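J.: Quick one, what's the 3D model for this:
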Amino acid sequence: MDVAEQIASGLAGTGEVDGSQFLTFLLAGEEYGVDILRVQEIKGWNAVTPIPNTPEYIRGVINLRGTIVPIVDLRRRFGLEPMEYGPMTVVIVLKVMREDKSRVMGIVVDAVSDVYNVQDESLKPAPDFGSVVNVDFVQGLATVDETMVIILDIDHLLNSGELAVMDSAIEHE
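T.: Below you'll find the model as predicted:
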């Protein structure tokens with residue numbers, strides 16, 4: 001059963017495991033994870049409607065069953081080399097919390113990897129690099145099957161300032 005089928009069948013996030021479950025994905029050869037309970041769906045890459053005067057990592061918006069969903073390219077957001085979108089490129093649609101409200105946003109990643117169960121005690125804090133590297137969006141690091149997975153805090157990563165930029169741009173369209 002592939003990752004999309006696990007999510008669709010409800011096996012992920014059922015509460016039958018200790019710890020937390022994370023959907024993992026690849027970005028420039030590194031594996032990242034997001035809380036499976038925040039994942040709404042996984043879509044193949046399709047063209048988006050660009051929104052003027054937004055940061056370059058905001059690719060635009062899509063209409064997902066009547067909801068306008070901003071799409072963020074994580075490669076560009078992290079300052080990585082842009083890559084041509086291909087058949088493995090996917091958009092992970094996530095529920096992002098902003099104060100007491102939620103918002104649906106999509107992130108473009110190279111490929112979906114797996115769903116991992118991570119015990120709470122095996123989630124280690126991000127290293128402190130001082131003011132040189134901003135790790136506010138890193139919830140922690142987990143080692144799964146000898147692979148280091150960077151667990152992202154999507155609420156910080158897709159912060160309210162960027163959400164406000166998108167809300168303002170969409171309202172003026």
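
J.: if I pick the residue nearest to the spatial centre of the chain, what's in contact with it?
T.: For the chain, residue 107 is the residue whose C-alpha lies nearest the centre (C-alpha atoms, centre = their mean; 5.0 Å). Applying C-beta atoms under 8 Å, 6 or more residues apart in numbering to residue 107 gives the contacts 71, 72, 73, 74, 91, 92, 94, 154, 158. For every residue, glycine as well, the C-beta is placed using N, CA and C.

J.: So what's the predicted local confidence for it?
T.: Looking at residue 107, its pLDDT is 95.

J.: Are we agreed that it is in a helix?
T.: No - counting by DSSP: H, G, I helix; E, B strand; the rest coil, residue 107 is not found in a helix; it is strand.

J.: Against residue 121, how distant is it?
T.: According to C-beta to C-beta, to the nearest Å, residue 107 and residue 121 sit 28 Å apart.

J.: Residue 84: neighbouring residues, count only.
T.: When neighbours are counted by other C-beta atoms under 10 Å, residue 84 registers 5.

J.: next one: residue 158
T.: Residue 158 has 26 neighbouring residues, counting by other C-beta under 10 Å.

J.: Grab the nearest non-local neighbour of it.
T.: Distances taken as C-beta to C-beta, 6 or more residues apart in numbering put residue 96 closest to residue 158, at 4.9 Å, once the chain neighbours are dropped.
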